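Q: Based on what follows, work out the 3D shape:
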Amino acid sequence: MAVDEDQLSATAAKAAQALRAAGVPFALGGGCAVYAHGGPVSEHDVDIFLAERDVVPARHALVEAGMRAADAPHDWLAKAYDGPCLVDLIHRPNRRPVTDELLNRAVPRRLGDTVVPVLPATDVVIDKILVLNPERCDFTPLLPILAALREQVDWAAVRTATEHSPYARALLWLAAETGLVPEAATLAPTVGAQRGE
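A: Here you go, the predicted structure:
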């Protein structure tokens, strides 16, 4: 369900306040992080990245703040609702555990009336790209994000973190060929190199 940016910002601020009060380390990710870095507005949910050990206390803190816990269909996240706004507590995005090292890289960014820790643009882009798979291979929503964050991203790091994915390689090749991102974002292997010739 789409909600407006003011609702999402208010929910993100409310969640951040509750998690800080509970002493839970976290960082904003997903579409809200893209928006916090100057990218397109998110209309979906608030993604909060945290270590698996902190999921239960984080969910409890959100409920104590007036949110409603909800069942999650997957084992890599927990869910809560703040009115119509969904909050995803994500501890293993794209089969990669959230680590203290990742959370320590978070940068303070203003979202609405508050400042929250946000994953760096490089990590946000890596996470967004690794969502691509045979069932989710639409590049359309990702291209404006890559273009908007291009100056904040370490493209060599993105390339290294995503090179195992043929979908990521295809997206980065397209983005580089069309000038949306620097050529450093893609390995651009030749056909012979791909075949090991």
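
Q: Could you list the domains of this structure?
A: As assigned by automatic domain parsing, the chain contains the domains 5-119, 124-194.

Q: Dump those into CSV; add mean neighbour count and mean pLDDT as well.
A: Placement of C-beta: from N, CA and C, glycine included. Below are these laid out as CSV (neighbours: other CB atoms under 10 Å; pLDDT from 0 to 100):
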stretch, mean neighbour count, mean pLDDT
domain 5-119, 18, 93
domain 124-194, 16, 87
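
Q: Find the nearest non-adjacent residue to residue 34, please.
A: Of all residues not flanking residue 34 in the chain, residue 145 sits nearest, at 5.4 Å (CB to CB, 6 or more residues apart in numbering).

Q: For that neighbour, give me its contacts.
A: For residue 145, the contact set (CB atoms under 8 Å, 6 or more residues apart in numbering) comprises 34, 39-40, 125, 128.

Q: Let me have the residues you listed in TSV, adding secondary structure and distance to residue 174 as columns.
A: Output for the contacts of residue 145, formatted as TSV (DSSP: H, G, I helix; E, B strand; the rest coil; distance: CB to CB, whole Å):
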residue	secondary structure	distance to residue 174
34	helix	19
39	coil	18
40	coil	18
125	helix	14
128	helix	15
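
Q: Can you tell me which of those residues is nearest residue 135?
A: Looking at the contacts of residue 145 and their distance to residue 135, the nearest is residue 128, at 15.8 Å (CB to CB).

Q: Distance of the closest one relative to residue 10?
A: Counting by CB to CB, to the nearest Å, the separation of residue 128 from residue 10 is 23 Å.

Q: before we move on, the earlier item: can you name the two of the contacts of residue 145 that sit furthest apart?
A: 40 and 125 (13.1 Å).

Q: circling back to that earlier point, check the offset of the helix or strand harbouring the residue nearest to residue 34 from the chain's centre.
A: In the assignment (DSSP states H and E), residue 145 maps to helix 142-149. Centroid separation for helix 142-149 versus its chain: 13 Å, with CA atoms, centre = their mean, to the nearest Å.

Q: Mind giving me the packing neighbours of the next helix or strand after it?
A: As assigned by DSSP H and E, the chain's next helix or strand after helix 142-149 is helix 155-162. Contact partners of helix 155-162 among helices and strands, from 3 or more CB pairs under 8 Å, 6 or more residues apart in numbering; DSSP states H and E: helix 121-130, helix 166-177.
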